[in-house]
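Engineer: Give the three-dimensional model of this entry:
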Amino acid sequence: MDSFSIQDFIEPSLGQLSILPTIFSFLICVMMSFVVRDIYIRRSFSLTGKMHIGSIIPILSAVVFIVIVIVKSSLALSLGLVGALSIVRFRTPIKEPEELVYLFLAIGLGIGYAAGQILITTILVLLTLAIIYFWLSNHSISKTSEYNLVIVWKKNNIEFKNILDIIDSKSENVKLIRMDKSPDSTTAVMLVSPKENNFIDI
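Structural biologist: This next block holds a predicted model:
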């Protein structure tokens, strides 16, 4: 009897999984992840990297779904996953909190559907997307005095500090969001609040 218990502990009990419900949950998960991707691309504040992050969302949801489905079928695999994640160091260029929110939403999609909670996961995700669409999107608060400013320059002899001084003299508040450098050009994305609520004219 002891050997039977050890065997059950070691071998994954994949036979307990229902193939058709699992495939159905996976398809719904992928479909909903594309809805999240569309909302992110259309309503996000991000000015750069939208397509890059957007293309990751469906893949991330699918990968999380597969991992959860496999792990939940075996206690040994669950312990192995915990050990594997404990030695992995994640390094990501993601700098905007909004991008992390959408990625966590994609992860939640994968976990919820992999756990078989199709209805409640769908309802909660749709409610979250509705909140984003009607209250937190860039279209619903377009009257704000803060604007995204994107500057691209190709000359290497131009100092960013000089550009920042000019913008700062014409703005009440300046916040650097990100800066991308390439061999040919440099791109700076900033959040600015122009004085007297006027656009900056440089």
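Engineer: Flag every buried residue along the lengthiest strand in the chain.
Structural biologist: Across the chain, the longest stretch assigned as strand under DSSP state E is strand 171-181. Residues 171, 174, 177 are the ones in strand 171-181 that count as buried (16 or more other C-beta atoms under 10 Å). C-beta coordinates here come from the backbone N, C-alpha and C atoms, glycine included.
Engineer: swap in stretch 22-40?
Structural biologist: So, applying 16+ other C-beta under 10 Å, buried residues of stretch 22-40: 25, 26, 28, 29, 30, 32, 33, 36, 37, 39, 40.
Engineer: Show me which of these is closest to residue 66.
Structural biologist: Nearest to residue 66 among the buried residues of stretch 22-40: residue 26, at 8.1 Å, using C-beta to C-beta.
Engineer: Which residue comes closest to that closest one once chain neighbours are left out?
Structural biologist: Distance criterion C-beta to C-beta, 6 or more residues apart in numbering; nearest residue to residue 26, sequence neighbours excluded, is residue 65 at 5.7 Å.
Engineer: which residues sit in contact with that neighbour?
Structural biologist: 25, 26, 29, 109, 110, 111, 113, 114 (C-beta atoms under 8 Å, 6 or more residues apart in numbering).
Engineer: ditto for residue 54
Structural biologist: Counting by C-beta under 8 Å, 6+ apart, residue 54 has contacts 37, 40, 41.
Engineer: give me the element the last one is part of.
Structural biologist: For residue 41, the host element (DSSP states H and E) is helix 19-43.
Engineer: and that helix, what does it pack onto?
Structural biologist: For helix 19-43, the elements it packs on are helix 50-71, helix 97-114, helix 118-134, judged by 3 or more C-beta pairs under 8 Å, 6 or more residues apart in numbering; DSSP states H and E.
Engineer: contact partners of that helix?
Structural biologist: By C-beta under 8 Å, 6+ apart, the surrounding residues in contact with helix 19-43 are 50-51, 53-55, 57-58, 60-62, 65, 69, 102, 105-106, 109-110, 113-114, 116, 118, 121-122, 125, 129, 132-133, 137-139.
Engineer: avg pLDDT for stretch 116-135?
Structural biologist: The average pLDDT within stretch 116-135 is 90.
Engineer: list the buried ones in it?
Structural biologist: Buried-residue list, stretch 116-135, by 16+ other C-beta under 10 Å: 118, 121, 122, 125, 128, 129, 132.
Engineer: these two touch, right, residue 103 and residue 60?
Structural biologist: Yes. At 6.5 Å, residue 103 and residue 60 qualify as touching, with contact defined as C-beta atoms under 8 Å.
Engineer: And this structure, what are its domain boundaries?
Structural biologist: Domain assignment of the chain by automatic domain parsing yields the ranges 2-134, 147-197.
Engineer: ranking the ones you listed by burial, who's on top?
Structural biologist: Most buried of the domains of the chain, by mean neighbour count (mean count of other C-beta atoms under 10 Å): domain 2-134, with a mean of 15.
Engineer: separation between residue 35 and residue 72?
Structural biologist: Here the criterion is C-beta to C-beta, to the nearest Å. By it, residue 35 lies 25 Å from residue 72.
Engineer: And residue 149, by the same measure?
Structural biologist: Distance from residue 149 to residue 72, by C-beta to C-beta: 47 Å.
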